[in-house]
Structure formats: structure tokens, C-alpha cells
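> I would like to see how this sequence folds:
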Amino acid sequence: MGVPFEALLPYGIMLGMFAFSAVSVGKLKEMQNGGKKTRRGMDAWDRVMLERDRRLTGFARGQTDKAEAPPGFELNNPWRMEQRYI
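Next up, the predicted model:
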């Protein structure tokens with residue numbers, strides 16, 4: 001005995017919604033990374049380099065070929081100073 005196709009419609013709708021949401025989230029992450037694939041398995045060095053690129057270009061995944069840093073970059077220090085106890 002066959003299964004009526006009306007019984008499979010909810011499963012098709014759910015599968016379609018899962019596929020739509022997966023594609024949407026992937027595209028949103030790609031747009032946030034400037035059209036590049038998302039980074040996976042980043043270590044501390046990668047995070048430092050992403051922060052440096054963000055400070056240089058204003059975008060975390062942006063890169064520049066300029067040999068000189070923009071004006072004001074020397075004052076844009078990423079290191080946090082500790083509060084001294086006096």
C-alpha cells in the first residue's frame with residue numbers, strides 16, 4: 001500500500017526550511033567576512049593577525065598592500081595597560 005503524498009508534504013516543507021536557513025546563515029557569514037569563507041580552528045596568533053588587519057583596514061578580513069601604516073595607527077595600540085596600584 002502506497003503512502004499518500006499529502007503525508008510527505010510536512011517533511012518536504014521542513015526539509016526546505018532547513019535547507020533555506022542553512023544557506024541563509026552561510027551566506028550571511030560570508031557577507032560578514034567580506035565575501036571570504038569563514039575561518040575555522042583559529043588560534044591566538046590568527047586572532048592577533050585579524051585584530052591587526054581590522055585596525056589597519058577597518059575590516060577584520062581586510063588586507064592592504066601599503067607599506068606604511070595609516071596616520072594615527074601608532075596611537076592605536078592593541079595592548080591593554082594594567083591599572084597600577086598606588
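
> what helix or strand does T38 sit in?
Per DSSP states H and E, T38 falls between elements, in no helix or strand.

> typed the wrong thing, it's R40
Using DSSP H and E, R40 falls within no helix or strand.

> any idea how far the residue positioned nearest the centre of the chain is from R40?
Compute the mean C-alpha point of the chain, and by C-alpha atoms, centre = their mean the closest residue is N33, 4.8 Å away. Separation of N33 from R40 (C-beta to C-beta, to the nearest Å) stands at 12 Å. Just so you know, the C-beta spots here come from the backbone N, C-alpha and C atoms, and that holds for glycine as well.

> V23 now?
As for V23, its distance to R40 is 18 Å (criterion: C-beta to C-beta).

> likewise S24?
Counting by C-beta to C-beta, the gap from S24 to R40 is 19 Å.

> repeat that for M17.
Using C-beta to C-beta, M17 is found at 25 Å from R40.

> again, but for L28
The gap separating L28 from R40 is 16 Å, by C-beta to C-beta.

> who's more crowded, these two?
Per other C-beta atoms under 10 Å, whichever of L28 and R40 has more neighbours is L28, with 10 against 5.

> just after the lengthiest helix in the chain, pick out the following helix or strand.
Ranked by residue count and defined by DSSP state H, the top helix of the chain is helix 5-32. Scanning forward in sequence from helix 5-32 by DSSP H and E, the next helix or strand is helix 44-57.

> output that next one as CSV, nothing but the C-alphas.
The C-alpha trace of helix 44-57 is given here as CSV (Å, rounded to 0.1, in the frame of the first residue of the first chain):
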residue,chain,number,x,y,z
ALA,A,44,45.7,33.0,19.3
TRP,A,45,48.1,34.1,16.5
ASP,A,46,45.3,34.1,14.0
ARG,A,47,43.2,36.3,16.3
VAL,A,48,46.1,38.7,16.8
MET,A,49,46.5,39.0,13.0
LEU,A,50,42.8,39.5,12.4
GLU,A,51,42.8,42.3,15.0
ARG,A,52,45.8,43.9,13.3
ASP,A,53,44.1,43.7,10.0
ARG,A,54,41.0,45.2,11.5
ARG,A,55,43.0,48.1,12.9
LEU,A,56,44.8,48.7,9.6
THR,A,57,41.9,48.4,7.2
